[in-house]
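Trainee: Would you be able to build a 3D model of this:
(one chain, ligands or ions: 1)
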Amino acid sequence: MPPAPQIKVGPLKKGELPEADRLFRLAFGTFLGLPDPATFMGDRDLVASRVRAKHVQALAAREHGRLVGFNLLTIWGSFGFFGPLCVSPEYWDKGVAQKLLEATVAAFDQAKLPRTALYTFPHSAKHVGLYTKYGYWPQQLTALFRYAPVKPRDWQPEPGTSVLHITKRWHRTHDDHLEDCRKLTQRIDPGLDLTQEIRSLLNQDIGEILLTFTRKTFDGFAIACTGKGSEGGAGVCYLKFAAVRGGSGADERFHRLLDACEAFAASRNVLLEFGASFACEKAYRCLLSRRLRPLTHGITMQRPHAPGFYRRDAYVRCDLR
Ligand SMILES: CC(C)(COP(=O)(O)OP(=O)(O)OC[C@H]1O[C@@H](n2cnc3c(N)ncnc32)[C@H](O)[C@@H]1OP(=O)(O)O)[C@@H](O)C(=O)NCCC(=O)NCCS
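Mentor: Numbering: from 1, shown residues only. Below is the predicted model:
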């Protein structure tokens, strides 16, 4: 029997980014049985674009200095999630992921985060079993949607409502809006704060932030990752997080934000992609009323097993990939 690998875990180095990106595609592409695993997710960038962000910590697993796996930890205020977690296929089932998870949980605990989470494959007993070992518990399914929205070129928001796009060029004048986003998420889940995520997208110029209003009242926002070097790549507008105010009129606000996202994706001639948890029942029913069909399902696991923003009255779209 070959000896167990001597794995050391430490911070991922900048110079290891190309190899980490290769491992990401190889690991997921192999698990999913793609004929050419290296083509997994095409030109989409879920590694370098995250590692560059201040609110993301990257952990590397190495054997004799060679990168064999890594994990990315994202912190949104009081909430954290990890992924993509990848191990080179020739090292599978040798305990490498567990070394990374020990360090991951220790880092989250050190940051004193009350709740952390991940998104995984519900059909894989290995994945679900691995994460339960570290205190994560499977919760509800998250449906992944991807479609080509058809919105006329002259689409306009309803009278009395408006949509504002924040781009890299304009964001310095929009700090007040970032504060609005922080207050909105804070109301949905105390301490939840996406402003670093927003700033990272704007600084890297890898998408736009869409804000919706009823008259002058802020209704909601979407983080739309699209274009070269983004999590959506050249062909997709991936909504990493989108939310509207709850309470009376929330269904209408949710539909209006989705209309704005569809119009944005249509204007760029790209597919719109997002995840929606069945736990957010009211928001999910809005998607059903639009007759949207999911592509596939994933599952959220949280530590501790508490709802957070995955609950019936939270109008959130987010898959934590
Ligand atoms: C998923 C992945 C990260 C796991 O990495 P790994 O290094 O092979 O995992 P480890 O060897 O550290 O841990 C395997 C553990 O899974 C658990 N496991 C495996 N099969 C299981 C089963 N049938 N039922 C329950 N638990 C199971 C066990 O706890 C096992 O450890 P143990 O045998 O020591 O108890 C790796 O396979 C990978 O990169 N896959 C492709 C990308 C991916 O899917 N990433 C995760 C997305 S959420």
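
Trainee: hey, what's residue 213 bridged with?
Mentor: Here residue 213 sits in beta bridges with residue 162, residue 218, going by DSSP bridges.

Trainee: residues touching it, list them.
Mentor: Going by Cβ atoms under 8 Å, 6 or more residues apart in numbering, residue 213 touches 161, 162, 163, 164, 219. C-beta here means a position set from N, CA and C on the backbone, and glycine is covered the same way.

Trainee: Let me know the distance separating it from residue 254.
Mentor: To residue 254, residue 213 is 14 Å away according to Cβ to Cβ, to the nearest Å.

Trainee: picking up where we left off before, can you lay out the contacts of residue 213 as a markdown table showing distance to the ligand and neighbour count?
Mentor: A markdown table is the format used below for the contacts of residue 213 (distance: Cβ to the nearest ligand atom, whole Å; neighbours: other Cβ atoms under 10 Å):
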| residue | distance to the ligand | neighbour count |
| --- | --- | --- |
| 161 | 38 | 18 |
| 162 | 38 | 17 |
| 163 | 34 | 20 |
| 164 | 35 | 15 |
| 219 | 33 | 26 |
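
Trainee: now those in CSV, with pLDDT and distance to residue 74?
Mentor: Shown next, in CSV, are those (pLDDT from 0 to 100; distance: Cβ to Cβ, whole Å):
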residue, pLDDT, distance to residue 74
161, 97, 31
162, 97, 30
163, 97, 27
164, 95, 25
219, 98, 25
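
Trainee: Going by residue numbers, what spans are strands in the chain?
Mentor: 7-11, 56-63, 66-76, 79-82, 86-87, 115-120, 137-147, 161-166, 207-214, 217-227, 233-244, 271-277, 296-303, 316-317 (DSSP state E).

Trainee: Which strands and helices lie in contact with the fourth one?
Mentor: Helices and strands touching strand 79-82, as assessed by 3 or more Cβ pairs under 8 Å, 6 or more residues apart in numbering; DSSP states H and E, comprise strand 66-76, helix 96-110, strand 115-120.

Trainee: where are the low-confidence patches of the stretch 151-300 of the chain?
Mentor: 170-173 (pLDDT under 70).

Trainee: so how far is residue 308 from the residue in it positioned nearest to the ligand?
Mentor: Going by Cβ to the nearest ligand atom, the ligand is nearest to residue 298 of the stretch 151-300 of the chain, at 8.3 Å. Residue 298 sits 17 Å away from residue 308, going by Cβ to Cβ.

Trainee: okay, these two: which has more neighbours?
Mentor: Shown here are residue 298 and residue 308; by other Cβ atoms under 10 Å, residue 308 has more neighbours (23 against 20).

Trainee: how about the helices and strands packed on strand 79-82 in TSV, adding mean neighbour count and distance to the ligand?
Mentor: TSV is the format used below for those (neighbours: other Cβ atoms under 10 Å; distance: least, Cβ to the nearest ligand atom, whole Å):
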stretch	mean neighbour count	distance to the ligand
strand 66-76	22	7
helix 96-110	18	3
strand 115-120	23	4
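
Trainee: Which one, of those, ends up nearest to residue 208?
Mentor: Closest to residue 208 of those, according to Cβ to Cβ: strand 66-76, at 18.9 Å.

Trainee: Any idea which residue of the stretch 1-150 of the chain lies closest to the ligand?
Mentor: Counting by Cβ to the nearest ligand atom, the stretch 1-150 of the chain gets nearest the ligand through residue 129, at 2.0 Å.

Trainee: Quick check: that residue vs residue 120, distance?
Mentor: When distance is defined by Cβ to Cβ, residue 129 is 11 Å away from residue 120.
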